[in-house]
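*Asks:* sequence-free structure coming up:
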């Protein structure tokens, strides 16, 4: 699945750039501590399950994923709170911003029980979408006028909204990636980041099917959590 682009939201995407490791890498990394090797598929799968259940997570750190991500800035800021990985993001100081902004197809209402959440609501989406788009277009027009007037890109970008698309590379080990998926696939996570987490989960499942099977089984019983 390397270099296959998965399109998300209205203008976003995620792409697996590189992958190093395998379920067997997890097994060999775990067994090296006592000089062991593979003991056959069933026992190796059992070891992976044991490692996750008993929170022996370091063997998963020997597998690495690198992704190319395009998402709205506010999604990226949530993403980058997961500090166990390496990020390199496009800079609006060096490049001029394109007309690429996330326009929701449907607006959600504020969850009165969860101040940071949203819920489905009976809203006038056409009217709200016009308000939203007008604001985005006005901010982008202001940005271009500032650029044309000679204002530095690093200052002109200040008028742009956080729904602007950004791009970054993310390198992360399998242990940290499972933690990301546990949190961002949860029903309480914001929809816009959940769609990216769901796409990553499919990639993870393809590359490390034994680990994914054990992770899913454990999540049904008890959240993985952190050590």
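*Replies:* Looks like it came in fine. Everything numeric here is computed off the predicted structure, so don't read it as measured data.
*Asks:* top helix in the protein by residue count?
*Replies:* Secondary structure of the chain read by DSSP state H shows that its longest helix is helix 125-148.
*Asks:* List the buried residues for the next helix or strand after it?
*Replies:* With elements assigned by DSSP states H and E, the helix or strand that comes after helix 125-148 is helix 153-156. Using 16 or more other Cβ atoms under 10 Å as the test for burial, helix 153-156 gives 153, 156. C-betas here are computed from N, CA, C, even on glycine.
*Asks:* how much distance is there from helix 153-156 to the middle of the chain?
*Replies:* Distance of helix 153-156 from its chain centroid, counting by Cα atoms, centre = their mean, to the nearest Å, is 27 Å.
*Asks:* what's in contact with it?
*Replies:* Defining contact as Cβ atoms under 8 Å, 6 or more residues apart in numbering, one finds that helix 153-156 is touched by 92, 93, 94, 95, 96, 97, 143, 146, 147.
*Asks:* Write a PyMOL command that selects only the buried members of the residues you listed.
*Replies:* Buried subset of the contacts of helix 153-156, written as a PyMOL selection, criterion 16+ other Cβ under 10 Å:
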select buried, resi 92+97+143+146+147
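*Asks:* Dump the contacts of helix 153-156 to JSON lines, plus pLDDT.
*Replies:* Output for the contacts of helix 153-156, formatted as JSON lines (pLDDT from 0 to 100):
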{"residue": "92", "pLDDT": "95"}
{"residue": "93", "pLDDT": "94"}
{"residue": "94", "pLDDT": "93"}
{"residue": "95", "pLDDT": "94"}
{"residue": "96", "pLDDT": "95"}
{"residue": "97", "pLDDT": "95"}
{"residue": "143", "pLDDT": "98"}
{"residue": "146", "pLDDT": "98"}
{"residue": "147", "pLDDT": "98"}
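*Asks:* Among the contacts of helix 153-156, which pair sits farthest apart?
*Replies:* Farthest-apart pair in those is 94 and 146; separation 16.4 Å (Cβ to Cβ).
*Asks:* strand partners of the helix-or-strand element of the chain with minimal mean pLDDT, parallel vs antiparallel please.
*Replies:* Among the helices and strands of the chain, strand 118-119 carries the lowest confidence by mean pLDDT, DSSP states H and E, at a mean of 87. According to DSSP bridges, strand 118-119 forms sheet pairs with strand 109-110 (antiparallel).
*Asks:* what residues does the strand it pairs with touch?
*Replies:* Contacts of strand 109-110 (Cβ under 8 Å, 6+ apart): 118, 119, 120, 121, 123.
*Asks:* quick one: the third one and residue 163, what's the gap?
*Replies:* In this case it means residue 120. As judged by Cβ to Cβ, to the nearest Å, residue 120 and residue 163 stand 20 Å apart.
*Asks:* what about the two, which has more around it?
*Replies:* More neighbours surround residue 163 than the other of residue 120 and residue 163, with 19 against 9 (other Cβ atoms under 10 Å).
*Asks:* Now the more buried one: closest residue in space that isn't a chain neighbour?
*Replies:* residue 102 (4.4 Å; Cβ to Cβ, 6 or more residues apart in numbering).
*Asks:* Run through the residues that contact that neighbour.
*Replies:* With contact set as Cβ under 8 Å, 6+ apart, residue 102 has these partners: 9, 10, 11, 12, 72, 163, 164, 165, 192.
*Asks:* And for residue 176?
*Replies:* Contact analysis of residue 176 by Cβ under 8 Å, 6+ apart lists 61, 82, 84, 85.
*Asks:* Nothing else from me, thank you.
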